[in-house]
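Enquirer: Got a sequence here, can you model it:
(one chain, ligands or ions: 1)
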Amino acid sequence: MAAARDGNGIEIRLLAEGFGAEIHGVDLAAGLSDAAFAQVRKAFADYGVIFFRDQKLSPDQHLAFAERWGEINVNRFFRAVDGHPRIAEVCKEPDQRSNIGGAWHTDHSYDDAPAMGSILLAREVPDAGGDTLYANLALAYESLSDGLKQTLEGLEAVHSSRHVFGEASQTASEHSSTDLAGRIGNPNAATQDATHRVVIRHPETGRKILYVNPGFTVRFAGWSTAESKPLLRYLYEHATQPEHTLRFQWKAGSIAFWDNRSTWHYALNDYHGHRRLMHRITIEGVPLS
Ligand code: SIN
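Expert: Numbers count the residues shown, from 1 in each chain. Okay, here's the model as predicted:
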């Protein structure tokens, strides 16, 4: 694990080569100086997902930290934390079987300007299980062959919220066969479809990123769903090979802040009979190119 402590007292410990960093030496409740914030911001852009440990944040302090990054997105589908409409609740009770986010995806790719990132704070976690996996989509792009890179550069893909959050998902398989009702809702709001380039550039670093995901990408633009499937499946297998991923183990007070442009995440559902309660704030992003 690489680590470096600097003049702001911040220590950045990488969890994988160039991907995922634990940031130590900060108290987010007290707030960050401008210099410390700039350093954290650079780590976020460079490493895709950053983590903090042992943070004691009230909902208002969580919101104050989020507001330093940009405008807050009010989630259309998740239940909100009582009294805090801008904080989404990600919860699974001991008697529930389905979790939220239990498959590879990146948030909001169905929006024209997809959310920049999400700040997930662990309030209550099981003693074991409930980890989250992250995948590095910049590395996934870079490790493709030059030939496939060239093909992908010319493609766009269509992303949608309908099959995940819309009426069809409620009446067909997803929600009616699970117990997500009450935690995920508002299917009438699932009207978003967006088309994005398959290879985007990170808005801050300019690094190239593979921008399709198993949760919300439905097909390549101008291709049928059936035609798109084999190549998408290949890309998904490629992106999720262990060398492109890391696994984060939560404790109460841990925070993960991921970049939705350059990473995917996957909440493991291996803790039935135990409670897991997280608070999520999502930050608005910019159109991608
Ligand atoms: C999510 O997809 O936002 C949930 C991630 C998690 O609970 O670990």
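Enquirer: ok, what's across the strand from the closest residue in space to residue 78 that isn't next to it in sequence?
Expert: Leaving out its chain neighbours, the residue that sits closest to residue 78 by CB to CB, 6 or more residues apart in numbering is residue 88, at 3.7 Å. Backbone N, C-alpha and C define where each C-beta goes, glycine included. In this entry, residue 88 is beta-bridged to residue 80, residue 280, by DSSP bridges.
Enquirer: ok, how many other residues are close to residue 88?
Expert: 26 (other CB atoms under 10 Å).
Enquirer: wait, what's in contact with it?
Expert: Residue 88 makes contact with 75, 78, 79, 80, 81, 279, 280, 281, 282 under the criterion CB atoms under 8 Å, 6 or more residues apart in numbering.
Enquirer: tally of neighbours for the second one?
Expert: It stands for residue 78. Count around residue 78 with other CB under 10 Å applied: 21.
Enquirer: same question, the third one
Expert: Each residue near residue 79 was counted by other CB under 10 Å, and the total is 16.
Enquirer: For the closest residue to the ligand within the stretch 151-289 of the chain, what are phi and psi?
Expert: For the stretch 151-289 of the chain, the residue closest to the ligand is residue 267, as judged by CB to the nearest ligand atom, at 3.4 Å. The phi/psi pair for residue 267 (degrees, to the nearest 10) reads phi -90, psi 120.
Enquirer: circling back: restrict the contacts of residue 88 to those near the ligand?
Expert: When contact is defined as CB under 6 Å from any ligand atom, the contacts of residue 88 meet the ligand at residue 280.
Enquirer: Can I have the buried ones of the contacts of residue 88 as a ChimeraX selection?
Expert: To isolate the buried members of the contacts of residue 88 in ChimeraX, using 16 or more other CB atoms under 10 Å:
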select :75,78,79,81,279,280,281,282
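Enquirer: Which residue ranges of the stretch 101-250 of the chain form strands?
Expert: Under the criterion DSSP state E, counting those that start in this stretch, the stretch 101-250 of the chain contains strands at 117-124, 132-136, 156-160, 193-197, 199-201, 208-210, 217-220, 245-248.
Enquirer: Quick check: residues of the stretch 51-200 of the chain near the ligand?
Expert: Within the stretch 51-200 of the chain, the residues that sit near the ligand (CB under 6 Å from any ligand atom) are 90, 100, 101, 118, 120, 132.
Enquirer: Pull out the buried members of these.
Expert: Neighbour-count burial within those applies to 90, 100, 101, 118, 120, 132; the criterion is 16+ other CB under 10 Å.
Enquirer: Endpoint to endpoint, stretch 254-265 covers what distance?
Expert: Taking CA to CA, to the nearest Å, stretch 254-265 runs 16 Å from one end to the other.
Enquirer: Export the strands of the stretch 101-250 of the chain as CSV, with columns for mean pLDDT.
Expert: Output for the strands of the stretch 101-250 of the chain, formatted as CSV (pLDDT from 0 to 100):
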stretch, mean pLDDT
strand 117-124, 98
strand 132-136, 98
strand 156-160, 97
strand 193-197, 96
strand 199-201, 98
strand 208-210, 98
strand 217-220, 97
strand 245-248, 98
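Enquirer: now the ones you listed in JSON lines, with distance to residue 38?
Expert: Shown next, in JSON lines, are the strands of the stretch 101-250 of the chain (distance: least, CB to CB, whole Å):
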{"stretch": "strand 117-124", "distance to residue 38": "16"}
{"stretch": "strand 132-136", "distance to residue 38": "23"}
{"stretch": "strand 156-160", "distance to residue 38": "32"}
{"stretch": "strand 193-197", "distance to residue 38": "28"}
{"stretch": "strand 199-201", "distance to residue 38": "21"}
{"stretch": "strand 208-210", "distance to residue 38": "23"}
{"stretch": "strand 217-220", "distance to residue 38": "33"}
{"stretch": "strand 245-248", "distance to residue 38": "24"}
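Enquirer: Report the contact partners of the residue of the stretch 151-289 of the chain closest to the ligand.
Expert: Going by CB under 8 Å, 6+ apart, residue 267 touches 90, 99, 100, 101, 102, 130, 132.
Enquirer: One more pass at 6 Å, please.
Expert: 99, 101, 102, 132 (CB atoms under 6 Å, 6 or more residues apart in numbering).
Enquirer: What residues are bridge-paired with it?
Expert: With beta bridges defined as DSSP bridges, residue 267 has these partners: residue 132.
Enquirer: Which residues are in contact with residue 180?
Expert: Residue 180 sits next to residue 98 when contact means CB under 6 Å, 6+ apart.
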